[in-house]
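> model the following, please.
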Amino acid sequence: MVLVLNVLFGQSDSTQVRDSSAAQADTAAYAGVITPAYSSSIKSPIYYSANDSIVTDVLERRATLYGKASIKTNGIEIQADQIDIFWEDHLMAAKGKVDSTGKYVGRPILTQDGEKIVMDSVRMNSETKKAKIYGMESKQGEGYITGDEAKRTDDAIYLREGHYTTCNLKHPHFYINARKLKVIPNDKAVCGPFNLVIEDVHTPLGFVMGFFPMINKRKSGLIFPLIGEDISRGFFMQEGGYYWAVNDYLGIRTVGDLYANGSYRINSAADYIHRYRFNGKVSIDYNRLKQGFDNSTPPKQFRFNWTHSSKQRKNSSFRANVYITSSKFFETVNTNPIVRNNNVTNSSITYFKQFGPSPFNMTVTMRGDQNVNGRSSNSDVPQAIYNASLPEFSFNMNRIAPFKRKTKLG
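Below is the predicted model of the structure:
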């Protein structure tokens, strides 16, 4: 039996009781809203729910929610196994619990303006939106921010012993370690002196300050590389480069890989889109990759790919998928045996035209295929051979019913 919170703020003249047995299986057992009363210090409505129970202390002006508890107020949502509400001071405190196996579960999750932060515990003022956070984890843009202790204001997060990484593992292979780190959500992270940590080993690599863009929307900026080790090429930095947001319709992403054995790869891809009209992508790959640490010079390999798709407008449409590659490209960039042994690529370009309201339409298609392990008539050395066919032209007429009655009989 649990006392409904509305009673505490003069919303009713009698004590109301709700039995948990009346709760539906697919909803919270206890749910309601605390609305600002004339004599209450509450300024914004507080929507609450809990699956287990709600315990209130009138003298302490406090309520505690247990079991998948949730609070929504002033644009903020907190979910946790346990939430304490101190309505006189506008404070909320949330934490998880240790289950029977010794695992910490029900960790608090703070959501505001699309930003989500997972924590070990938090204490927050619902009016000023300032919070003290312990054991923080948050995804910002393409990176992940973690910290032992943090202070959150309405527009920034200040971390002590903060970490930044692009590795999505619970225990990342690498990260930037900074004693102090400031995060502006959905914008950037800045820090003072930092160093790079690889496999829990603090390296001397670092700088006196750091700046890391963390943008979800299209915006130009540096792309931080992935750092690790490959069994056949040694230490590497992968997918590091720059993204250039030319405008709202075109973006160019240029990244590269660099390996300890002297191998490297460069990829440049341009995505373009015109809403309701067409979209496409042009990608160019170039690499000189090899296995091992011998003194040989790796061969040049390349790949070109163009895809385009247009919406049917004014009775016409255009589609393209062009794929051209060198003979050993798949062997150098992919470890999947099915992909490495792929010998044939296909390309096609198609134009379709419907002649107004008439039943007639036309299709023009050009096809091509490439055998990357082909051999010419005067050489036994494998080489990429490209075959292209003449355009295929078809003129079609949809089925018509010239003698169909315009009006039905009967």
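> please count neighbours and contacts with C-alpha atoms only from this point.
Will do.
> tell me the mean pLDDT for stretch 152-160?
Stretch 152-160 comes out with an average pLDDT of 88.
> report the central residue of this protein.
Glu142 (6.7 Å; CA atoms, centre = their mean).
> go ahead and confirm that one touches Thr166.
Yes. Contact criterion CA atoms under 8 Å: Glu142 and Thr166 qualify, at 6.3 Å.
> next, give phi and psi for the residue nearest to the centre of the chain.
Note on Glu142: its backbone torsions stand at phi -100, psi 10 [degrees, to the nearest 10].
> do Glu331 as well
phi -70, psi -30.
> same question, Ala388
Dihedral angles (degrees, to the nearest 10) for Ala388: phi -120, psi 140.
> what's the nearest residue to it if we skip its chain neighbours?
Gly368 (4.2 Å; CA to CA, 6 or more residues apart in numbering).
> and the one you found, how far from Asn267?
24 Å (CA to CA, to the nearest Å).
> could you do Ala69 as well?
47 Å.
> quick one: which of the two has more around it?
Taking other CA atoms under 10 Å, Ala69 and Asn267 do not tie; Ala69 has more neighbours (27 against 18).
> what bridges to the residue nearest to Ile252 when sequence neighbours are not counted?
Closest residue to Ile252 apart from its sequence neighbours, by CA to CA, 6+ apart: Ala270 at 4.3 Å. Ala270 has the following beta-bridge partners by DSSP bridges: Ile252, Val282.
> how close does Ala270 sit to Asp154?
36 Å.
> helix or strand for the closest residue to Met119 other than its chain neighbours, which one?
Closest residue to Met119 apart from its sequence neighbours, by CA to CA, 6+ apart: Met136 at 4.5 Å. Assigned by DSSP states H and E, Met136 falls within strand 131-140.
> mind checking the pLDDT average for that strand?
Averaging pLDDT along strand 131-140 yields 89.
> give the other helices and strands that it contacts.
strand 115-118, strand 121-125, strand 143-152 (3 or more CA pairs under 8 Å, 6 or more residues apart in numbering; DSSP states H and E).
> switch the ones you listed over to CSV; also include mean neighbour count and distance to Gln79.
What follows is these, written out as CSV (neighbours: other CA atoms under 10 Å; distance: least, CA to CA, whole Å):
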stretch, mean neighbour count, distance to Gln79
strand 115-118, 17, 10
strand 121-125, 21, 11
strand 143-152, 20, 17
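> which of these sits closest to Ser53?
strand 121-125 (19.8 Å; CA to CA).
> tell me how far that closest one is from the chain's mean position?
26 Å (CA atoms, centre = their mean, to the nearest Å).
> I'd say Lys68 and Ala94 touch.
No. Counting by CA under 8 Å, Lys68 stays clear of Ala94, with 11.0 Å between them.
> so which of the two has more stuff around it?
Remark: of Lys68 and Ala94, Ala94 carries more neighbours, 29 against 20, as counted by other CA under 10 Å.
> what strand or helix carries the more buried one?
strand 91-95.
> the helix or strand following that strand pairs with which strands?
Note on strand 91-95: by DSSP H and E, the next helix or strand toward the C-terminus is strand 97-98. The pairing partners recorded for strand 97-98 under DSSP bridges are strand 104-105 (antiparallel).
> now do the partner strand: distance to the chain's middle.
On CA atoms, centre = their mean, the centre of strand 104-105 falls 25 Å from that of its chain.
> brilliant, that's me finished.
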